[in-house]
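Asker: model this:
(2 chains)
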Protein chains: 2
Amino acid sequence: MSEFDPRAIRALVFDVFGTVVDWRASIVREGEALGAAKGWQVDWPAFADTWRAGYQPAMQRARSGEIAWTSVDGLHRTILDSLIPRFGLEGLDEVERAHLNLVWHRLDAWPDAVAGLMRLKSRFVISTLSNGNIALLVNMAKRAALPWDCVLSAEIMRHYKPDPEVYQGAAQLLGIERHELLMVAAHPGDLRGAQRAGLPTALVRRPLEYGPNPTGAPPPDALPDDRFDLVASDFVDLAQRLRA
Amino acid sequence: MSEFDPRAIRALVFDVFGTVVDWRASIVREGEALGAAKGWQVDWPAFADTWRAGYQPAMQRARSGEIAWTSVDGLHRTILDSLIPRFGLEGLDEVERAHLNLVWHRLDAWPDAVAGLMRLKSRFVISTLSNGNIALLVNMAKRAALPWDCVLSAEIMRHYKPDPEVYQGAAQLLGIERHELLMVAAHPGDLRGAQRAGLPTALVRRPLEYGPNPTGAPPPDALPDDRFDLVASDFVDLAQRLRA
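Answerer: Now for the predicted structure:
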């Protein structure tokens, strides 16, 4: 890894699910409202964790060519359909299932996210770089007031992170060199992908991503020799470290 | 053309050069500052008009396959290189030429544009849909405070407007039906392309696009049987017509 020079940074791209928005609490919130309306008892935290756990394997099937390229809305729906019987949601009709699937468009930001992004935006170009599709990211940003300069998605590159095409494509579309583009994520695996593609990296810790007492969390993704250029406790801290 | 229902509209996509920004006055402004600094006499309005006039033929060469796909930054540079001797700009070094080429990233918005876009954004998703590349559109928006929800470009579709792939691709990326996506432009040819692709259309009149006494303007683009769903005098008028 070459020496990190924060003065070289011209733009920041952000992972979204877990890094910018609290997908788990948002899904639990909507689920509990749905369950109350229907009079159903559902383990919504387990539902959220299981839905999320299906995401990486679904992307891998698209990546390997086992299934055709599918937007994340489509992957989420396939996983949701498999969860319906498991969580006793057979009473949802098609309109309700389609609406529930789009809960990923209605996720709440972490409390520091908008304030930190506003500061970072004053100095840098800020963009999403998510596996989520453009429509999902645009609807989410509008609802949660995320002030992106640009909405970039793996959908444009037709590759999912951590494939190098996604990170390289973002630098190319933003018209800058890869060493000028900082990848921000809560997930070491995403940042390692960015490093392999030649981008500097910032880890933002999101210890509550899987809730206060994580039971459904995946195994820790960090590796002993992970070294990221910046480590921040939240987006306001990241802005301070970048003098924004 | 089917009946236009403004209540069906969920998102608006905007042509940019001439529709959102006043490319001609902006290039003349930068050119005059450059000429003053160098002590050169240059016909900057003619320079701007000639640069712009090279744009459609350059896109046509890319569209026909005569040249490989090229971003608008690249097309602009090829045209600029041909203008250098014609307008007596041989004294510009490579750094100055590269900087001048990016004047298209530094165009000023029409006076009504930001106010109209803010109103429209309160009710609709608003996005660019320009042949300009993403980097150009992002840099322009940041400088001119254009409050896009999303930055879409022909660069993503690898087709230039008015090819139908551009308009259809925008609806697909925004996750909506084509009849829900309103194309806004000052140029009838762009709107006819959108109509052929199934989008409703709004013409915004920009009578000053080629200056108060247009001499270098292309022939009028309107055809006798052009019928657009909305015709507005500016973006604030457009917002009123859409009850935003």
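Asker: got the contact list for the helix or strand bottoming out on mean pLDDT in chain A?
Answerer: Between all helices and strands in chain A, the lowest mean by mean pLDDT, DSSP states H and E belongs to helix A:55-63, at a mean of 91. Contact with helix A:55-63 is made by A:67-70, A:72, A:75-76, A:78-79, A:131, A:159-160, A:163, as judged by C-beta atoms under 8 Å, 6 or more residues apart in numbering or on different chains. Every C-beta, even on glycine, is put in place using the N, C-alpha and C of the backbone.
Asker: how is chain A carved up into domains?
Answerer: Annotated domains of chain A cover A:6-22+A:107-241, A:23-105 [automatic domain parsing].
Asker: end to end on the longest one, go ahead and measure it.
Answerer: With C-alpha to C-alpha, to the nearest Å as the measure, domain A:6-22+A:107-241 spans 9 Å from end to end.
Asker: equivalent analysis for stretch A:226-235, please.
Answerer: Using C-alpha to C-alpha, one end of stretch A:226-235 lies 21 Å from the other.
Asker: show me which residues of that stretch are buried.
Answerer: A:228-230, A:232, A:234-235 (16 or more other C-beta atoms under 10 Å in any protein chain shown).
Asker: the following helix or strand past the least confident helix or strand of chain A and chain B in contact?
Answerer: Next along the chain after helix A:55-63, taking DSSP states H and E as the criterion, comes helix A:72-86. Yes: judged by C-beta under 8 Å from any C-beta of the partner chain, helix A:72-86 comes into contact with chain B at residue A:73.
Asker: before we move on, back to that, which one of the buried residues of stretch A:226-235 is nearest chain B?
Answerer: residue A:235 (18.7 Å; C-beta to the nearest C-beta).
Asker: for that closest one, give me its contacts.
Answerer: Contacts of residue A:235 (C-beta under 8 Å, 6+ apart): A:110, A:112-113, A:115-117, A:119-120, A:204.
Asker: count of neighbours near the residue lying closest to residue A:158 once chain neighbours are set aside?
Answerer: Distances taken as C-beta to C-beta, 6 or more residues apart in numbering or on different chains place residue A:69 nearest to residue A:158, at 5.8 Å, with adjacent residues excluded. Neighbourhood size, residue A:69 [other C-beta atoms under 10 Å in any protein chain shown]: 12.
Asker: so residue A:69 sits against residue A:159, correct?
Answerer: No: assessed by C-beta atoms under 8 Å, residue A:69 is found out of contact with residue A:159, at 9.2 Å.
Asker: could I get the phi/psi values of residue A:26?
Answerer: Per-residue torsions, residue A:26: phi -70, psi -40 (degrees, to the nearest 10).
Asker: how about residue A:43?
Answerer: phi -80, psi 90.
Asker: ok, it to residue B:231 distance?
Answerer: The gap separating residue A:43 from residue B:231 is 56 Å, by C-beta to C-beta, to the nearest Å.
Asker: repeat for residue A:181
Answerer: With the distance defined as C-beta to C-beta, residue A:181 ends up 42 Å from residue B:231.
Asker: check which element follows the one helix or strand residue A:28 maps to along the chain.
Answerer: Element membership for residue A:28, per DSSP H and E: helix A:23-38. Using DSSP H and E, the helix or strand that follows helix A:23-38 in sequence is helix A:44-53.
Asker: for that next one, packing partners?
Answerer: helix A:23-38, helix A:72-86 (3 or more C-beta pairs under 8 Å, 6 or more residues apart in numbering or on different chains; DSSP states H and E).
Asker: quick one: residues in contact with it.
Answerer: Under the contact criterion C-beta under 8 Å, 6+ apart, helix A:44-53 has outside partners A:17, A:23-24, A:27-28, A:31-32, A:35, A:76, A:79-80, A:83, A:86-87, A:210-211, A:215-218.
Asker: and the residues you listed, which of them are buried?
Answerer: A:17, A:23-24, A:27-28, A:31, A:35, A:76, A:79-80, A:83, A:87, A:210-211, A:216.
Asker: which of the contacts of residue A:235 are buried, as a ChimeraX select command?
Answerer: Restricted to buried positions by 16+ other C-beta under 10 Å, the ChimeraX selection for these reads:
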select /A:110,112,113,116,117,119,120,204
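Asker: tell me which of the contacts of residue A:235 is nearest to residue A:5?
Answerer: Using C-beta to C-beta, residue A:120 is the member of the contacts of residue A:235 that lies nearest residue A:5, at 17.3 Å.
Asker: correct me if wrong: that closest one contacts residue A:240.
Answerer: No: checked against C-beta under 8 Å, the pair residue A:120 and residue A:240 is beyond contact range at 10.3 Å.
Asker: run through the residues of chain A sitting next to chain B.
Answerer: A:73, A:125, A:127, A:133-136, A:138-139, A:141-142, A:149-151, A:155-156, A:173-176.
Asker: how about a cut-off of 6 Å?
Answerer: A:125, A:134-135, A:138, A:142, A:149-151, A:156, A:173-175 (C-beta under 6 Å from any C-beta of the partner chain).
Asker: now those in TSV, with pLDDT?
Answerer: Formatted as TSV, the residues of chain A next to chain B follow (pLDDT from 0 to 100):
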residue	pLDDT
A:125	98
A:134	98
A:135	98
A:138	98
A:142	98
A:149	98
A:150	98
A:151	98
A:156	97
A:173	98
A:174	98
A:175	97
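Asker: let's have those in CSV, adding secondary structure and neighbour count.
Answerer: Shown next, in CSV, are the residues of chain A next to chain B (DSSP: H, G, I helix; E, B strand; the rest coil; neighbours: other C-beta atoms under 10 Å in any protein chain shown):
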residue, secondary structure, neighbour count
A:125, strand, 24
A:134, helix, 25
A:135, helix, 25
A:138, helix, 28
A:142, helix, 16
A:149, coil, 22
A:150, strand, 23
A:151, strand, 28
A:156, helix, 22
A:173, helix, 22
A:174, helix, 24
A:175, coil, 20
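Asker: most widely separated two among these?
Answerer: Largest pairwise distance in the residues of chain A next to chain B, by C-beta to C-beta, is 25.4 Å, between A:142 and A:175.
Asker: test my guess that residue A:126 contacts residue A:118.
Answerer: No: Residue A:126 is beyond contact range of residue A:118, at 9.3 Å (criterion: C-beta atoms under 6 Å).
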